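> only geometry, no sequence info:
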């Protein structure tokens with residue numbers, strides 16, 4: 001099933017994100033424990049990030065998406081980055097996904113890998129979307145940044161770039177994480193005014209430890225509202241307390257988002273079924 005069709009069913013879509021396990025931690029077989037727990041949530045789909053920093057020889061994302069589809073009967077969304085790849089690399093991945101019956105791709109630029117020789121076939125995500133749509137039959141999703149992409153000069157410019165991705169064929173958007181719902185609402189309003197009318201899922205990451213917030217904020221530039229800052233100051237040095245507070249904060253965000261008619265919730269699980277299940281159980285009846 002194509003993910004874009006889920007948004008016509010009259011309920012808030014609820015999806016999860018996982019990442020391939022490191023080979024040093026037991027390899028791909030360890031993903032079964034994660035998926036066993038997450039499958040109890042019965043999400044509408046599960047996305048799997050693109051592993052190995054753009055190493056085309058690593059097909060873990062394809063393998064995991066195949067497991068999600070075949071073993072758990074859940075729709076998989078395969079992340080695919082392009083900045084470290086040439087067209088033949090992308091064709092290889094697309095062919096592998098097609099062979100596994102995987103219909104949905106999250107098209108991304110990705111981060112440059114200093115250990116790989118620079119490639120010049122793709123520089124931006126819209127070029128990957130354009131390339132896929134030219135010769136392949138996949139449902140394409142992409143990402144958006146409620147508080148502006150860190151490399152973009154302004155939110156206006158970022159939304160114009162986003163509109164290009166939609167015009168090239170992106171049919172569904174997932175937002176980067178944020179902690180202030182007002183930022184998301186303002187972004188969606190601006191996106192709609194710019195003519196971006198595809199479903200926009202809100203990306204929510206439950207922060208369950210202090211080091212996690214420091215790393216995530218440095219990566220995506222999400223602002224920290226006073227309420228969140230006070231929570232971290234009060235409970236940051238108590239592992240169990242910050243876990244429970246982080247879950248409660250995420251639930252509060254989601255309740256507000258659903259109340260205000262959000263298209264969907266995309267939960268960044270960090271491969272933690274316990275956290276995902278607690279959040280899902282708290283909000284499922286609201287959908």
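Yes, it's here. Please read all numbers here as calculations on a predicted model, not as lab measurements. Numbers count the residues shown, from 1 in each chain.
> residue ranges with poor pLDDT in the stretch 1-150 of the chain?
Counting by pLDDT under 70, the low-confidence segments of the stretch 1-150 of the chain come to 23-27, 51-58.
> Could you pull out the strands in it for me?
Remark: strands assigned in the stretch 1-150 of the chain by DSSP state E, counting those that start in this stretch are 13-18, 45-48, 75-81, 104-108, 139-144.
> what sits against the closest residue to residue 50 other than its chain neighbours?
Of all residues not flanking residue 50 in the chain, residue 79 sits nearest, at 4.2 Å (Cβ to Cβ, 6 or more residues apart in numbering). C-beta: built from backbone N, CA, C; applies to glycine. Residue 79 is in contact with 47-50, 61, 105-106, 108, counting by Cβ atoms under 8 Å, 6 or more residues apart in numbering.
> Rebuild those residues as a markdown table, extending it with distance to residue 242 and neighbour count.
Listed next are these as a markdown table, based on distance: Cβ to Cβ, whole Å; neighbours: other Cβ atoms under 10 Å:
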| residue | distance to residue 242 | neighbour count |
| --- | --- | --- |
| 47 | 26 | 26 |
| 48 | 27 | 27 |
| 49 | 24 | 17 |
| 50 | 29 | 23 |
| 61 | 31 | 25 |
| 105 | 35 | 26 |
| 106 | 30 | 24 |
| 108 | 30 | 19 |
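> could those residues go into a markdown table alongside distance to residue 156?
Converted to a markdown table, these look like this (distance: Cβ to Cβ, whole Å):
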| residue | distance to residue 156 |
| --- | --- |
| 47 | 28 |
| 48 | 32 |
| 49 | 29 |
| 50 | 29 |
| 61 | 33 |
| 105 | 28 |
| 106 | 24 |
| 108 | 22 |
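> which secondary structure elements does the longest helix along the chain contact?
When the chain is parsed with DSSP state H, its longest helix is helix 239-259. Applying 3 or more Cβ pairs under 8 Å, 6 or more residues apart in numbering; DSSP states H and E, one finds that helix 239-259 makes contact with helix 181-193, strand 200-204, helix 226-235, strand 264-268, helix 273-283.
> Could you tell me the least trusted of the ones you listed?
With a mean of 92, helix 226-235 has the lowest mean pLDDT of the helices and strands packed on helix 239-259.
> by contact count, what packs against that helix?
Applying 3+ Cβ pairs under 8 Å, 6+ apart, we find helix 226-235 packed against helix 239-259.
> Could you report the distance from the residue nearest to residue 50 to residue 48?
For residue 79, the distance to residue 48 (Cβ to Cβ, to the nearest Å) stands at 6 Å.
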